[in-house]
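What shape does this take:
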Amino acid sequence: MDLKWKIEKICEKQLRDVNPKDLVDDGLYRLCDVYKSEGGYDKLPNIIASRFNYNIEDYRKRFVVQLKGCVMRCPYCYVTPDGINATPVLKTTDELVKSYLKTGVNVFHLMGGSPAIYISDWNTLICKLLDKKPQTIFHSDLLLQECYYTKEIIESISMPNSIYAISIKGANKNEYLKNTGVPFKEDMLIKNLDVIKNSSLNYYFTFTGMTEKDVNDFCQNYNITKEMLKDSFIIKLINYDALK
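All right, here's what the predicted structure looks like:
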């Protein structure tokens with residue numbers, strides 16, 4: 001029996017910042033070109049070009065799927081509570097792949113909320129995507145706070161043409177709470193990092209609202225080496241309240 005994915009339609013607040021031409025299947029999904037208007041903070045196309053030796057112009061656009069639920073309550077988040085807690089539309093893996101293929105883009109971005117709530121199901125989706133379109137890049141995010149990762153799960157998503165952003169939301173417990181609205185689960189972060197360090201996962205880090213000193217301190221505290229930081233970058237917080 002095929003999986004049923006809980007898809008959240010692009011909500012009204014998000015539509016303020018989304019070009020209607022980029023909506024797919026009546027707003028159930030959307031296309032995103034992070035380099036339009038001379039580019040933004042997201043460096044994924046550069047990372048894809050570097051790590052996979054692909055033409056960057058072929059990987060600027062991505063197909064974005066928004067899943068229900070999140071373990072965080074970030075006040076600045078573009079998704080907003082409306083975008084992750086509405087009544088979801090259930091779609092099978094085959095239906096997801098079919099919608100992606102008709103767009104002609106090469107990046108499948110599984111987004112949240114917290115997409116790794118569903119991490120045990122990612123392998124099935126990745127395998128079908130690569131079977132139908134081998135040049136596909138599967139991309140998603142790991143917050144290290146959704147659940148305890150296992151070696152088996154992490155290895156199951158360590159697939160060719162897959163790359164993950166490990167998202168760190170604060171330099172310490174106080175900053176983390178301020179930026180996410182939830183307490184920092186240090187034990188979970190340490191154990192999940194340990195699993196990732198001992199895996200073949202293809203990843204990079206993003207550090208939200210942190211200074212270079214914050215990043216250095218964080219990396220020192222949790223034994224994140226220079227080699228692990230390849231292609232990583234800081235995301236600056238802007239004065240933006242997604243809830244208004």
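
Flag every buried residue along the worst-scoring helix or strand of the chain on mean pLDDT.
Ranked by mean pLDDT, DSSP states H and E, the helix or strand of the chain with the weakest confidence is helix 12-15, at a mean of 79. Residues of helix 12-15 classed as buried by neighbour count (16 or more other Cβ atoms under 10 Å): 13, 14. The way it works is simple: take the backbone N, C-alpha and C, and place the C-beta from them, glycine included.

Check which helix or strand the residue nearest the centre of the chain maps to.
Taking Cα atoms, centre = their mean, the centroid of the chain lies closest to residue 141, which sits 2.9 Å from it. Here residue 141 sits within strand 137-142, counting by DSSP states H and E.

Which secondary structure elements does that strand sit against?
helix 44-52, strand 107-111, helix 122-132, strand 162-168 (3 or more Cβ pairs under 8 Å, 6 or more residues apart in numbering; DSSP states H and E).

Just say which of the ones you listed is most tucked in.
Most buried of these, by mean neighbour count (mean count of other Cβ atoms under 10 Å): strand 107-111, with a mean of 24.

So what does residue 180 have for phi and psi?
phi -120, psi -20 (degrees, to the nearest 10).

make that residue 66, sorry
For residue 66, the backbone dihedrals are phi -110, psi 120 (criterion: degrees, to the nearest 10).

Same check on residue 227?
Backbone phi and psi, for residue 227 under degrees, to the nearest 10, turn out to be phi -60, psi -30.

Residue 29 too?
Per degrees, to the nearest 10, the backbone of residue 29 is at phi -130, psi 170.

shaky segments in the protein?
1, 36-41, 78, 80-83, 238-244 (pLDDT under 70).

All the strands of it, in order from the start?
With strands called from DSSP state E, the chain shows them at 4-7, 23-24, 29-33, 61-66, 89-92, 107-111, 137-142, 162-168, 203-208, 233-235.

Which one of these lies nearest to residue 72?
Among these, strand 162-168 comes nearest to residue 72, with 9.5 Å by Cβ to Cβ.

List the contacts of the closest one.
44, 47-48, 51, 126, 137-144, 157, 196, 201-208, 210, 218 (Cβ atoms under 8 Å, 6 or more residues apart in numbering).

then it to CSV, C-alphas only?
Output in CSV follows, covering the C-alpha atoms of strand 162-168 (Å, rounded to 0.1, in the frame of the first residue of the first chain):
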residue,chain,number,x,y,z
SER,A,162,20.3,13.8,-2.2
ILE,A,163,21.5,16.6,-0.1
TYR,A,164,20.3,18.0,3.3
ALA,A,165,20.5,21.2,5.2
ILE,A,166,21.2,20.8,8.9
SER,A,167,19.4,23.8,10.3
ILE,A,168,20.8,25.3,13.6
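
chain center to it: distance?
Mean-position distance between strand 162-168 and its chain equals 6 Å (Cα atoms, centre = their mean, to the nearest Å).

got it, and stretch 195-205?
15 Å.

likewise stretch 19-38?
16 Å.

Since that was my last question, I'll sign off now.
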